[in-house]
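*Asks:* quick one, what's the 3D model for this:
(chains A, B, C, D, E and F)
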4 protein chains.
Amino acid sequence: MARPQSEDKRNAILSAATEVFAERGLGAPTSAISSTAGVAEGTLFTYFKTKDEMVNALYREIKLELADAMMSGFPRRASIRNRLQHVWNSYTGWGIANPMQQKVLQQMGVWSGLTEESKRAGTAPFLEIEKTAEAAVAQHVFQDLPLEFIAAAMSALADTTMEFMRRQPKQASRYQSTGFEMLWAAVCRKK
Amino acid sequence: MARPQSEDKRNAILSAATEVFAERGLGAPTSAISSTAGVAEGTLFTYFKTKDEMVNALYREIKLELADAMMSGFPRRASIRNRLQHVWNSYTGWGIANPMQQKVLQQMGVWSGLTEESKRAGTAPFLEIEKTAEAAVAQHVFQDLPLEFIAAAMSALADTTMEFMRRQPKQASRYQSTGFEMLWAAVCRKK
Amino acid sequence: MARPQSEDKRNAILSAATEVFAERGLGAPTSAISSTAGVAEGTLFTYFKTKDEMVNALYREIKLELADAMMSGFPRRASIRNRLQHVWNSYTGWGIANPMQQKVLQQMGVWSGLTEESKRAGTAPFLEIEKTAEAAVAQHVFQDLPLEFIAAAMSALADTTMEFMRRQPKQASRYQSTGFEMLWAAVCRKK
Amino acid sequence: MARPQSEDKRNAILSAATEVFAERGLGAPTSAISSTAGVAEGTLFTYFKTKDEMVNALYREIKLELADAMMSGFPRRASIRNRLQHVWNSYTGWGIANPMQQKVLQQMGVWSGLTEESKRAGTAPFLEIEKTAEAAVAQHVFQDLPLEFIAAAMSALADTTMEFMRRQPKQASRYQSTGFEMLWAAVCRKK
DNA sequence: GATGAATGAGTCTTCATTCAT
DNA sequence: GATGAATGAAGACTCATTCAT
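*Replies:* From the prediction side, this is the model:
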């Protein structure tokens, strides 16, 4: 099928939205986004039916980017600890490299407009990680807890860690590795 | 003197705000709040100069309530672990008992209108806890990390835990105690 | 009859109104007036049924003061020219001494809420002056024009003169006397 | 390109504003203006950022129209008296023909929102007249007074005259010519 | 009578969305 | 498809006036 409209323009809009939302919150006007994107106000609505739909699309886009960053170079055969460390490092690394995206993601966490479908789509690309976690539970490495909970805990701890990495850039790598040790300790089965 | 400002009405407004914000986000109209509170639209503005000021007031109010809940019965003389457990239990307990307040607090975490003063006022009542943490670090029980980081990590983990306690009420107490063990493991100095 | 309410408070309100209106225009809120007057917001409405009524009252009050200033020492027996000069000097003198009152009076000139009755009441105290003018017309000193027109012309010229007296205080007395000569020339019958 | 801003619509808004302001004062709501203009409430704000800006624009527009009326057919070579008479006649003529505009102009005279820039822009087109007046002073025809004062006096006298022309239309031309004679007498150097 | 909290209609302005060009 | 003017329903906030104290 022929790709309608211009992929470039769509990206420009989402990228502008990221910038604007990071700075002014999800309440920022669409006009600020279109002007940042260098397109007309109306154009936004030829790519997205409504603002809410656009925010949902952005959510999925960012989640995909994040998944990409995390899955690239994923050491499928390494030990569980190493795989988890990869996840941790790539997640926090991505967050530091993409502060706006991460900030927007946080805002979307308390936004009521996210559709269930978006939430589902947002978690889908992390399948590989889930498998690792499943294995970890099965092998009695992790505690016997729902994967979702472990994932959420990791995400929460990572967000906290990133915030401090950003606040004290000189200590960034120390926070990153300590954060991981904390996660590992938290998540592993106790002897 | 004429009718004095009524503490009741002020509370009704803040309480309505909690309800409305929890449901519709901080972007909810003030008119929804005043009507929920059963007062005229203008009345809100005799108690708070602007909407932003009202949100800031609400933030401080909730933080105070939370501090109250956490500090009441604080076992000043108990072991560090027991003190931390008290903190954990009372925090998660409060969050489960006051889901709207907790939700609103989370939204305020990504809200740009919070004044520095409010943030300061919001952390002030947790002094006792801070002291415990300081002692824990000094006694080499906790890892050598900034207190703020430990606090943030705890708060993040607790929020996550509460979410799952709410989702699976039957497992609530299991989540609560496992969550604490995770925190304790994460935060303690490794041998 | 016993004087109801306090004359003092009424005066305080009107005086505050003068001050506030001079600075912020007739659109200024009644609350600004009551607070300047040092009374409660509601008090204003025990002295005046509505804001409009209050403005009308203020108009009459100021006009009376002005009349007082102009009629005191009026040289009833002097020549027409001297009587007119007295009027001119006392009017401009009053305006310079009472800039706020004069400013408010000007604003009321383009205000649509002035009642016909107020307008009538406002001109009444100038009867003596009118008589002078009538005499001047009768004696063929003034041109044969409606008194009202002559009065309006004088008032307009005086307002202009005062404005310049205020702008260039060092030239004030020069403006005052030149202004009068202009008026006299304008108004006298030509040979 | 999309629909460009229409000069027509802008004019419709300013014209409606003139009508509404003349009737109800500058405090009239913008909604009255937009509805009179036959556009949506929001449309007004695509043409003018704020109400104040719109009022300033209207001021300049009216002043320009007035200047146009006064400068068209200005007898550059005629005697000073004839030039002044042209000014007088065209001013009062314009005022009678455009009562709403003139009323609005008067209201703006006591309005505090006029920017300095607008005031400057408003006087600029009257340069030719100023030159005449300068010449008149230089040639010892006019009294030695600041031009601004002479202009203000003329304007004040003209406003008064117009008011009476309007009140007694049958006497209009008599008022007009008498008014001019008064001005001329007032302004000329005395022998 | 004095007070000032309470009221709610009214104000300016914003903004998502539509639609003529 | 792209544009940006047009729309009008909100939204936050103001203010004259009322009324409980």
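*Asks:* for the residue of chain A found nearest DNA strand F, what is the enclosing helix or strand?
*Replies:* Nearest to DNA strand F, among the residues of chain A, is A:Gly42, at 1.7 Å (C-beta to the nearest atom of the strand). Just so you know, the C-beta spots here come from the backbone N, C-alpha and C atoms, and that holds for glycine as well. A:Gly42 is part of no helix or strand when elements are defined by DSSP states H and E.
*Asks:* so who does it touch?
*Replies:* Applying C-beta atoms under 8 Å, 6 or more residues apart in numbering or on different chains to A:Gly42 gives the contacts D:Ala2.
*Asks:* which phi and psi does it have?
*Replies:* phi -70, psi -30 (degrees, to the nearest 10).
*Asks:* residues touching the helix or strand of chain A with the lowest mean pLDDT, excluding its own?
*Replies:* When the helices and strands of chain A are compared on mean pLDDT, DSSP states H and E, helix A:127-138 comes out lowest with a mean of 84. The contact list for helix A:127-138, computed with C-beta under 8 Å, 6+ apart, reads A:70-71, A:74, A:76, A:80, A:83-84, A:87, A:142-145, A:147, A:150-151.
*Asks:* widest-spaced pair of those?
*Replies:* The largest separation in these, counting by C-beta to C-beta, is between A:Met71 and A:Asp144 at 25.8 Å.
*Asks:* who's more crowded, the two?
*Replies:* Under the criterion of other C-beta atoms under 10 Å in any protein chain shown, the comparison of A:Met71 against A:Asp144 puts A:Met71 first, with 17 against 9.
*Asks:* from chain C, how far off is the closest residue in space to that one that isn't next to it in sequence?
*Replies:* Nearest residue to A:Met71 in three dimensions, chain neighbours excluded: A:Glu128, at 5.9 Å (C-beta to C-beta, 6 or more residues apart in numbering or on different chains). Going from A:Glu128 to chain C by C-beta to the nearest C-beta, to the nearest Å gives 65 Å.
*Asks:* which positions within stretch A:69-77 qualify as buried?
*Replies:* Within stretch A:69-77, the residues scored as buried using 16 or more other C-beta atoms under 10 Å in any protein chain shown are A:69-71.
*Asks:* of all these, which comes closest to B:Gly113?
*Replies:* Closest to B:Gly113 out of those is A:Ala69 (31.6 Å), distances taken as C-beta to C-beta.
*Asks:* which residues touch the closest one?
*Replies:* If you count contacts by C-beta under 8 Å, 6+ apart, A:Ala69 has them with A:90-91, A:93-94.
*Asks:* can you check A:Thr115 too?
*Replies:* Taking C-beta under 8 Å, 6+ apart, we find A:Thr115 in contact with A:Asn56.
*Asks:* so, low pLDDT: which residues of chain A?
*Replies:* A:1-4, A:191 (pLDDT under 70).
*Asks:* enumerate the residues of chain A near chain D.
*Replies:* By C-beta under 8 Å from any C-beta of the partner chain, the residues of chain A that approach chain D are A:40, A:42.
*Asks:* tally of neighbours for the residue nearest to A:Met71?
*Replies:* Neighbours of A:Glu128 under the rule other C-beta under 10 Å: 15.
*Asks:* number of residues surrounding A:Ala37?
*Replies:* For A:Ala37, the count of nearby residues is 22 (other C-beta under 10 Å).
*Asks:* does it touch A:Ile13 like I think?
*Replies:* Yes - the pair A:Ala37 / A:Ile13 is scored as a contact, 4.7 Å apart, by C-beta atoms under 8 Å.
*Asks:* and for these two, which residues touch both?
*Replies:* Taking C-beta under 8 Å, 6+ apart as the contact rule, A:Ala37 and A:Ile13 both touch A:Leu44.
*Asks:* spell out the secondary structure type for the nearest residue to A:Tyr47 once chain neighbours are set aside.
*Replies:* Spatial nearest neighbour of A:Tyr47, chain neighbours left out: A:Arg10 (5.0 Å); criterion: C-beta to C-beta, 6+ apart. Following DSSP: H, G, I helix; E, B strand; the rest coil, the label given to A:Arg10 is helix.
*Asks:* now A:Ala17, nearest residue through space, not along the chain?
*Replies:* A:Ile33 (4.8 Å).
*Asks:* the helix or strand harbouring the one you found vs DNA strand F: in contact?
*Replies:* Using DSSP H and E, A:Ile33 sits within helix A:30-37. No - Helix A:30-37 lies out of reach of DNA strand F by C-beta under 7 Å from any atom of the strand, never closer than 7.9 Å.
*Asks:* now do that helix: which elements does it pack against?
*Replies:* helix A:7-24, helix A:44-47 (3 or more C-beta pairs under 8 Å, 6 or more residues apart in numbering or on different chains; DSSP states H and E).
*Asks:* from the middle of its chain, how far away would the first one be?
*Replies:* The gap between the average C-alpha position of helix A:7-24 and the chain average comes to 16 Å, counting by C-alpha atoms, centre = their mean, to the nearest Å.
*Asks:* and the angle for that helix with helix A:30-37?
*Replies:* Orientation check (axes from the mean of the first three to the mean of the last three C-alpha atoms, to 10 degrees): helix A:7-24 against helix A:30-37 gives 120 degrees.
*Asks:* ok, residues contacting the strand or helix carrying A:Gly95?
*Replies:* Secondary-structure element containing A:Gly95, defined by DSSP H and E: helix A:80-97. Residues from elsewhere that reach helix A:80-97, judged by C-beta under 8 Å, 6+ apart: A:65-66, A:69-70, A:72-76, A:78, A:101-102, A:129, A:132, A:135-136, A:139, A:141-142, A:154-155, A:158-159, A:161-162, A:165-166, A:172, A:176, A:179-180, A:183-184, A:187.
*Asks:* what's the PyMOL line that selects buried ones from these?
*Replies:* The buried subset of those, as determined by 16+ other C-beta under 10 Å, is captured in PyMOL by this line:
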select buried, chain A and resi 66+69+70+101+102+129+132+136+141+142+154+158+159+161+162+165+172+176+179+180+183+184+187
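*Asks:* coming back round to it: how near is the residue nearest to A:Tyr47 to C:Ala152?
*Replies:* Separation of A:Arg10 from C:Ala152 (C-beta to C-beta, to the nearest Å): 69 Å.
*Asks:* more neighbours: which of the two?
*Replies:* For A:Arg10 and C:Ala152, the more surrounded residue by other C-beta under 10 Å is A:Arg10, and the numbers stand at 21 against 18.
*Asks:* restrict the least confident helix or strand of chain A to CA atoms and write it as PDB.
*Replies:* Below are the C-alpha coordinates for helix A:127-138, written out as PDB (Å, rounded to 0.1, in the frame of the first residue of the first chain):
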ATOM      1  CA  LEU A 127       8.500  -9.600  25.400                       C
ATOM      2  CA  GLU A 128      12.100 -10.800  25.400                       C
ATOM      3  CA  ILE A 129      12.700  -9.200  28.800                       C
ATOM      4  CA  GLU A 130       9.600 -10.800  30.100                       C
ATOM      5  CA  LYS A 131      10.900 -14.100  29.000                       C
ATOM      6  CA  THR A 132      14.100 -13.600  30.900                       C
ATOM      7  CA  ALA A 133      12.200 -12.700  34.000                       C
ATOM      8  CA  GLU A 134      10.000 -15.700  33.600                       C
ATOM      9  CA  ALA A 135      13.100 -17.900  33.400                       C
ATOM     10  CA  ALA A 136      14.500 -16.200  36.400                       C
ATOM     11  CA  VAL A 137      11.500 -16.900  38.400                       C
ATOM     12  CA  ALA A 138      11.300 -20.500  37.100                       C
END
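*Asks:* and the angle for that helix with helix A:80-97?
*Replies:* Going by the same axes, to 10 degrees, helix A:127-138 is angled at 140 degrees with respect to helix A:80-97.
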